[in-house]
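1. got a sequence here, can you build the structure:
(2 chains)
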Amino acid sequence: MSTFAALGNGFASALTLTNLMWALLGTTLGTAIGVLPGIGPALTVAVLLPITFNLDPISAFIMFGGIYYGAMYGGSTTSILLNTPGETGAIATAIDGHQMARQGRGAAALTTAALGSFVAGTLATLGLALFAPVLCGVALRFGPAEYFALAALAFCAVTALLGASLARGLFSLFLGLALGLVGIDPLTGSARFSFGITQLLDGIDVVILVIGLFAVGETLYQAWRHGRDELDAVRLSTFTGMNRDEWRRSWRPWLRGTAIGFPLGILPMGGSVIPTFLSYLTEKRLSAHPEEFGHGAIEGVAGPEAANNAAAAGVLVPLLTLGLPSSATAAILLAAFQQYGLQPGPLLFSARPDLVWTLIASLFIGNAMLLVLNLPLAGVWARVMLLPRPLLFGGVLVLASVGAYSLNRSMLDVSLLYAVGAVGLLMRVFEFPLVPAVLGLVLGPLAEQQFRRAVAISEGDLTVFLTRPLSATLLAAAAAVLLGPWLIRLALAHRTRGLRPR
Amino acid sequence: MLALAILLTASLAPAQPLYEQLRIVAPAAPGGGWDQTARVMQQVLQRAGIAATPVVENIAGAAGTIGLARFIGAERGNGDALLVSGLIMLGGIVTHDAPVTLADVVPIARLTGEYEVLTVPTASPFSTLDDLMRAFAERPESISWGGGSAGGSDQILAGLIAAAVGVAPRRVNYIAFSGGGEALSAILGGQVSVGINGLAEFAPQIEAGTVRVLAISSAERLPGLDAPTLREQGVDIEFENWRSVVAPPGISAADRQRLERAIETMVRTSEWRDLLARYRWLDRYLAGDAFAQFAVSEEQRVRDILRALGTGADGAARSATEPYPLFVLAGLAIFGTAALITTLRARRRVQPPAARRAPWRSVALIGVGVASNLVLAEPAGFLLASALLFWFVARAFDERHPLRDAAFAVGISVSAYVLFTYALQLPLPAGVTAGWL
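-> Numbering: from 1, shown residues only, chains lettered A, B, ... in the order given. As a prediction, the model looks like this:
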């Protein structure tokens, strides 16, 4: 049976009224939990698992698929409107998305996020349907050396986020790296910088850092900067959707974001931080107006949002073809498969093709449903900016506290959240960029672990990063991104000097 | 026949549930072995009518020792709480030098066991355990063993194997991966010489023929699995990763008996047996004092082998002097100084607009709200604490509408409480408001 016939059958069984209801329920639920900070799709699916035990597995997976894609989408809404990323994949979106919302273009940012998510989700799901087995073979060639090289490349994204002062930007980065040191060293199992506090053994949760720096920091900064002053209300742009110029500037980032997100999502390392920030870096480097980035460039929303959703689809490739969970949500989906006596892995496609293709078909349906749900709502959500500030910020802090508490059900996390928030206020007041700190916390431990794993496997031989072709290529790309602009400038200076008449 | 079966299950299930509510703490993130154990228990306890509403709570981190410490601290004396635990937690206690141990909780029962397998990708040069062991004996460091977290069951078995074939366990080049997915991909991709993992995670790969099993840690060959045992290949080891449940310290003898009875009823149901088979877990039910003795002897075994492997306390000394933390701290100091200098130079720029008389007043108001929230959340309950937080934050931005803000404060707190406690099953501290909603 050809892929398309199988997919057709999948659509035939997914497109029943009951299944569409489950898809609708899943996408709505997913969008809602994506909005809540600290509550992710993993936890939601875990909570729903016992309830769905009596459900037909196909219906259950249609709902889970909807939750999964919906959460990826919902995260962008709070990022754009409240500068509060609901999860790590939406951090890059917040940088320019929130600036757009401040300028009254929140609806346009939400629209490009919705359309970008749809385009990326659809293309990536198509990639999942057509090439899943081939892609997995390539992904398995990534070992610790390659992951280290990839992390090194992702670190280059910091160069696009440093802000005005190199020293302050790098301080922010190293602050994140230092926070990343806290907790158990996963290679030896021994505790580092946890100061005898049991809970710090697990390190500092990136969600705490993100909500603390962004949501709490922003609230405190607004209080410090404007306090009780009467401010001019945000004037929403008269046209709520995207104008012609915004369309023109969005479609290429959507496609590039998909091209970056999908392959990186397949890599069993997981995580949406690397794809979204690499997309952000790409867009800034390719843009004719790099100076607009950080001040509301629509490309900075379109690219990362597409990359985020494409990566989410990519994660399903190793899950379905190898039974390999590469994110927390994938791990719980794997558990869900097992609850139904199904084992994702090399045999799933041949043992239960009906289930796999129905799941893939329902991902397409869920994706379309998200677009239908969210496009008309963009204009409505954008009105959040019109809420009176006392209510808006009060609500943000209550939600941030609950979100932090629910991570581990511990008040220590809430205290940590506000400590980070205070640091966030100081960083804003003294104009330190915030995002490098988040990148440092996410990428630092990753780079360190993969570096040490690679060196341990090679028995201490450091050339392993250069003798493995994939790793060498990635490191060369990182070097090009770092040194490229400087070399070009040098070459140009040299040529003009050469041409200067004596 | 069918009627008889139904009658039998019905007679096993107590007419009146033993528990209205029973909380099962899984000291790991959703999806792992402990979480799955907790959720399987939840399912069976509910269906067999042993507990009306069993609830699973996840407290993840540090091989379960964070969950253990919190369980001991928060649940002391509670007769309706259970913690999932096991061999990996013993490893965690030793490697992380945890301040609490399994001696601090009340043992209830060992439940399941899972064998470990040694696997290589089909293209590997090692076709038998013998090949691998020969290369390992010749130059131990050339063999990289890929498995789960440091100090866990996989590394423990690697150490036991080394000791059994006369190689110093310290020379085992063990590569710890976080989570099954990461280890699996490294093994399938041939990034490590050999994989050492739980059977359940690898069974699908074995069935599909994408990996070759060099050995399994069971005493006898398993039916339906083409895998020779370690023992029959001359490595005299039998090993399994067991999982158990424990109760909080300070519970009464009656509470303990009731928990033991609930677990005993649970493991006798046919649903429990079906689910064990589905997850490829072995029935290793062992209750009471026999289990307590078993746990003590296992702890000694784990402690000995981990010491021989060189993890834990002296591992800590090693990683503090690793170059990477020094690099990070040096960078922090250098750029911190540089940023401080540039900031001091540009100080005048960052003053708030002259029109603002008291820029810190609003921040201080929020600070009061936050402080009261932190202090009151647990004793007075989430509802009051977050309503207060909301109100203070609103005051920071607003001079005119104290009553409107108060109304919204109550409304938002109540909705958040209802949403988290009932819809998401994430109970927030109730405090004095317990019973209001």
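2. give the closest residue to the spatially most central residue of chain A in space, chain neighbours not counted.
-> The centroid of chain A falls nearest to residue A:89 when counting by C-alpha atoms, centre = their mean (1.5 Å). Counting by C-beta to C-beta, 6 or more residues apart in numbering or on different chains, residue A:272 is the residue found nearest to residue A:89 once chain neighbours are left out, at 3.3 Å. Just so you know, the C-beta spots here come from the backbone N, C-alpha and C atoms, and that holds for glycine as well.
3. I'd guessed the one you found sits against residue A:308; true?
-> Yes. Counting by C-beta atoms under 8 Å, residue A:272 does reach residue A:308; the two are 5.2 Å apart.
4. any residues in contact with both of these two?
-> When contacts are counted by C-beta atoms under 8 Å, 6 or more residues apart in numbering or on different chains, residue A:272 and residue A:308 have A:72, A:89, A:261 as shared neighbours.
5. phi and psi next, for residue 286.
-> Just so you know, I chose chain A. Per-residue torsions, residue A:286: phi -90, psi -20 (degrees, to the nearest 10).
6. wrong chain, I was asking about chain B
-> phi -150, psi 120.
7. show me what it is bridged to.
-> residue B:110 (DSSP bridges).
8. ok, how many other residues are close to residue 92?
-> If you meant another chain, say so; for now it's chain A. Around residue A:92 there are 34 other residues, counting by other C-beta atoms under 10 Å in any protein chain shown.
9. you looked at the wrong chain, it should be chain B
-> 29.
10. helix/strand/coil for the nearest residue to it once chain neighbours are set aside?
-> Computed as C-beta to C-beta, 6+ apart, the closest residue to residue B:92 that is not its neighbour in sequence is residue B:63, at 2.6 Å. Assigned with DSSP: H, G, I helix; E, B strand; the rest coil, residue B:63 falls in the helix class.
11. neighbours of residue B:63, how many?
-> Neighbour tally, residue B:63, other C-beta under 10 Å: 30.
12. neighbour-wise, which of residue A:272 and residue A:308 wins?
-> Neighbour count, other C-beta under 10 Å: between residue A:272 and residue A:308, residue A:308 has more, with 33 against 29.
13. does the helix or strand harbouring that one come close to chain B?
-> Element membership for residue A:308, per DSSP states H and E: helix A:299-322. Yes. Helix A:299-322 comes into contact with chain B (C-beta under 8 Å from any C-beta of the partner chain), by way of A:318, A:322.
14. so what's the gap between that helix and the chain middle?
-> 9 Å (C-alpha atoms, centre = their mean, to the nearest Å).
15. after that helix, which helix or strand is next?
-> Next along from helix A:299-322, by DSSP H and E: helix A:328-339.
16. phi and psi next, for residue A:388.
-> phi -60, psi 140.
17. can you tell me how far it is from chain B?
-> Residue A:388 sits 7 Å away from chain B, taking C-beta to the nearest C-beta, to the nearest Å as the criterion.
18. quick one on the thing from earlier: residue contacts, the residue nearest to the centre of chain A?
-> Shown in contact with residue A:89 (C-beta under 8 Å, 6+ apart): A:72, A:75, A:272, A:273, A:276, A:308, A:311, A:312.
19. next step: the shared contacts of residue A:272 and residue A:308 restricted to helices.
-> A:72, A:261 (DSSP state H).
20. grab the nearest non-local neighbour of residue B:213.
-> Once flanking residues are discounted, residue B:213 sits nearest to residue B:227: 4.0 Å by C-beta to C-beta, 6+ apart.
21. just checking, residue A:64 is part of a helix?
-> Yes. Assessed with three-state DSSP, residue A:64 lies in a helix.
22. what's the distance between it and chain B?
-> 13 Å.
23. okay, that residue: pLDDT?
-> With respect to pLDDT, residue A:64 has a value of 86.
24. one more: residue B:19?
-> Residue B:19 is given a pLDDT of 79.
25. doesn't residue B:50 make contact with it?
-> Yes. Between residue B:19 and residue B:50 there is a contact under C-beta under 8 Å: 6.9 Å.
26. counting neighbours, go ahead and name the busier of the two.
-> Each of residue B:19 and residue B:50 has its neighbours counted (other C-beta under 10 Å); residue B:50 has more, 24 against 17.
27. tell me who's in contact with the more buried one.
-> Taking C-beta under 8 Å, 6+ apart, one finds B:13, B:14, B:17, B:18, B:19, B:22, B:44, B:262, B:265, B:266 in contact with residue B:50.
28. re the thing from before, just the CA atoms of the helix holding residue A:308, as PDB, please.
-> The C-alpha trace of helix A:299-322 is given here as PDB (Å, rounded to 0.1, in the frame of the first residue of the first chain):
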ATOM      1  CA  GLU A 299      10.200  37.900  11.100                       C
ATOM      2  CA  GLY A 300      11.300  37.400  14.600                       C
ATOM      3  CA  VAL A 301       7.900  36.000  15.400                       C
ATOM      4  CA  ALA A 302       7.100  34.200  12.200                       C
ATOM      5  CA  GLY A 303      10.400  32.200  12.100                       C
ATOM      6  CA  PRO A 304      10.600  30.900  15.700                       C
ATOM      7  CA  GLU A 305       6.900  30.100  15.800                       C
ATOM      8  CA  ALA A 306       7.200  28.000  12.700                       C
ATOM      9  CA  ALA A 307      10.400  26.300  14.000                       C
ATOM     10  CA  ASN A 308       8.700  25.500  17.300                       C
ATOM     11  CA  ASN A 309       5.800  23.700  15.700                       C
ATOM     12  CA  ALA A 310       7.900  21.900  13.100                       C
ATOM     13  CA  ALA A 311      10.200  20.700  15.900                       C
ATOM     14  CA  ALA A 312       7.100  19.400  17.800                       C
ATOM     15  CA  ALA A 313       6.200  17.300  14.700                       C
ATOM     16  CA  GLY A 314       9.800  16.200  14.400                       C
ATOM     17  CA  VAL A 315       9.800  14.800  17.900                       C
ATOM     18  CA  LEU A 316       7.100  12.300  16.800                       C
ATOM     19  CA  VAL A 317       9.400  10.800  14.100                       C
ATOM     20  CA  PRO A 318      11.800   9.000  16.500                       C
ATOM     21  CA  LEU A 319       8.900   8.300  18.900                       C
ATOM     22  CA  LEU A 320       6.800   6.500  16.300                       C
ATOM     23  CA  THR A 321       9.600   4.800  14.300                       C
ATOM     24  CA  LEU A 322      12.100   3.900  17.100                       C
END
